[in-house]
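Engineer: 3D, please:
(one chain, ligands or ions: 2)
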Amino acid sequence: AVPLVVAINTSTAARNGMLVRDRIAMEEARNLDTVVFDKTGTLTEGEQGVVEITAVEGWSEAEVLTLAAAAEGDSEHMIAQAIREEAGERGLSVPGVRGFEALEGRGVRATIEHDAIPAAAPGGAGGSANGGETDGRTVSVGGPNLLRHLEVEPGPDLERFADQAGERGQGVVYVLRDESVVGALALADVVREESFEAIDALQGMGIEIAMLTGDDEDVARAVADELEIDTVFAEVLPEDKDEKIVELQAQDKLVAMVGDGVNDAPALTRSDVGIAIGSGTDVAVESADVVLVENDPRDVARLVRLSRKSYRKMQ
Ligand code: ADP
Ligand code: MG
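Structural biologist: Ligands and ions are numbered 1, 2, ... in the order given. Take a look at the predicted model:
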């Protein structure tokens, strides 16, 4: 039988917008040492917008955006949505692709038909320059980690573009046709208003805050500085996210993870208290101990408070 106090606590939790999937974790929440937040979509709104485009010589911004939108056609990533939306707003006609591939934690790749490639490519490299060959071209879109993976250097102009975006806390994704970078897009995301209060409240309870993200170091730092978070794990590949939780646990810390994405699922499972944001992916919700119905990071502090209050009564 379920102990009465625990049962009461669970329904109190429900009234506070929390679905408790694991009661033991809810009880453990009172002793948390560290709360690790996913950045995008958890501490930030997660709704990205394209704010700037740059193209290398011989390409136009519209062509760079067209290629990007084509390659991102089948991706559910927020970056992909932002890119498709911008292409739509600019009235660009986006060609179809085949062989779409998601490069987890890095970007996407697809093959675009020859004829569909914008004609103004440099040195006759675009359009029908390949003389009847029907193989199409590979278009890849991805972050700095994709470039590193492909061992492609962006060149000084694009590096400057990325540095300036980074200083503004904006992420950059590069657009590659075959092996060469043809341009880049800067994307902006905003910190949720509620995140400031959430971090403040948790720190006030003596809990350490860390941020865990696949994003570039610069962007992660800008957000962490804004929120006054000291510990930042950036450029972490999806398969390595749970390792960071293990590292903290190895320092004898009781760790909660808060996230929304498929990428966060292993870390949610690994943590002592896995907390999913309700609007997150099914995989995240299924991996969590507690689900926050209202997408409000302040509910993490409420959860700890509720756990402390409820379980103190039990002793
Ligand atoms: P997060 O940990 O912030 O949720 P992801 O692990 O989903 O981020 O992605 C990490 C990085 O990989 C992104 O910041 C971006 O640079 C790149 N990336 C991932 N998916 C895409 C995509 N569909 N299009 C472009 N870039 C992508
Ligand atoms: Mg995320």
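
Engineer: Leu185 is in what secondary structure piece?
Structural biologist: strand 180-188 (DSSP states H and E).

Engineer: ok, and for the next helix-or-strand element following that strand, which residues are buried?
Structural biologist: Following strand 180-188 in sequence order, the next helix or strand is helix 193-204 (DSSP H and E). For helix 193-204, a neighbour-count test (16 or more other C-beta atoms under 10 Å) marks 195-196, 198-199, 201-203 as buried. Every C-beta, even on glycine, is put in place using the N, C-alpha and C of the backbone.

Engineer: and the gap between the residue nearest the centre of the chain and ligand 1?
Structural biologist: By C-alpha atoms, centre = their mean, the chain has its centre lying nearest to Thr40, at 4.1 Å. Here Thr40 is placed at a distance of 4 Å from ligand 1 (C-beta to the nearest ligand atom, to the nearest Å).

Engineer: For Arg30, see how far away that residue is.
Structural biologist: Per C-beta to C-beta, to the nearest Å, Thr40 is found 29 Å from Arg30.

Engineer: picking that back up, how about the strand holding Leu185 and ligand 1, touching?
Structural biologist: No: against ligand 1, strand 180-188 shows no contacts by C-beta under 6 Å from any ligand atom, the least distance being 8.5 Å.

Engineer: related to what we said a few turns ago, and the residue nearest to the centre of the chain, which of the three is it?
Structural biologist: helix (DSSP: H, G, I helix; E, B strand; the rest coil).

Engineer: and the residue of the chain found nearest ligand 2, how many neighbours?
Structural biologist: Here the chain gets closest to ligand 2 at one residue, Gly261, 3.6 Å apart by C-beta to the ion. Applying other C-beta atoms under 10 Å, we find 24 other residues in the vicinity of Gly261.

Engineer: pLDDT wise, what is it at?
Structural biologist: Note for Gly261: predicted pLDDT of 84.

Engineer: Check the burial of the residue in the chain that ligand 1 sits nearest to by counting its neighbours.
Structural biologist: Ranking the residues of the chain by distance to ligand 1 (C-beta to the nearest ligand atom) places Gly143 first, at 2.0 Å. Neighbours of Gly143 under the rule other C-beta under 10 Å: 24.

Engineer: Which of the helices or strands spans the closest residue to it other than its chain neighbours?
Structural biologist: Sequence neighbours aside, Val173 is the residue nearest to Gly143 in space, at 5.6 Å (criterion: C-beta to C-beta, 6 or more residues apart in numbering). Element membership for Val173, per DSSP H and E: strand 171-177.

Engineer: That strand vs ligand 1: in contact?
Structural biologist: Yes: if you take C-beta under 6 Å from any ligand atom as the test, strand 171-177 does meet ligand 1, through 171, 173.

Engineer: Just checking: what are the partner strands of that strand?
Structural biologist: strand 137-142 (antiparallel), strand 180-188 (antiparallel) (DSSP bridges).

Engineer: Go through those and name the closest to Pro156.
Structural biologist: Ranking the strands paired with strand 171-177 by their distance to Pro156 (criterion: C-beta to C-beta) puts strand 180-188 first, at 11.9 Å.

Engineer: Which positions in stretch 144-156 come out as buried?
Structural biologist: 144-147, 149-150, 154.

Engineer: returning to what we had before: the residue nearest to the centre of the chain against Asp216, yeah?
Structural biologist: No: contact criterion C-beta atoms under 8 Å: Thr40 and Asp216 do not qualify, at 11.5 Å.

Engineer: Wasn't Val285 part of a strand?
Structural biologist: No: using three-state DSSP, the secondary structure at Val285 is helix, not a strand.

Engineer: in the sheet, who's paired with Gly171?
Structural biologist: Bridge pairing for Gly171 - DSSP bridges - gives Leu187.

Engineer: contacting residues for it?
Structural biologist: 48, 79, 143, 165, 186-187, 189, 215-216, 219 (C-beta atoms under 8 Å, 6 or more residues apart in numbering).

Engineer: 10 Å instead?
Structural biologist: 40, 48, 79, 143-144, 162, 165, 185-189, 215-216, 218-220, 222 (C-beta atoms under 10 Å, 6 or more residues apart in numbering).
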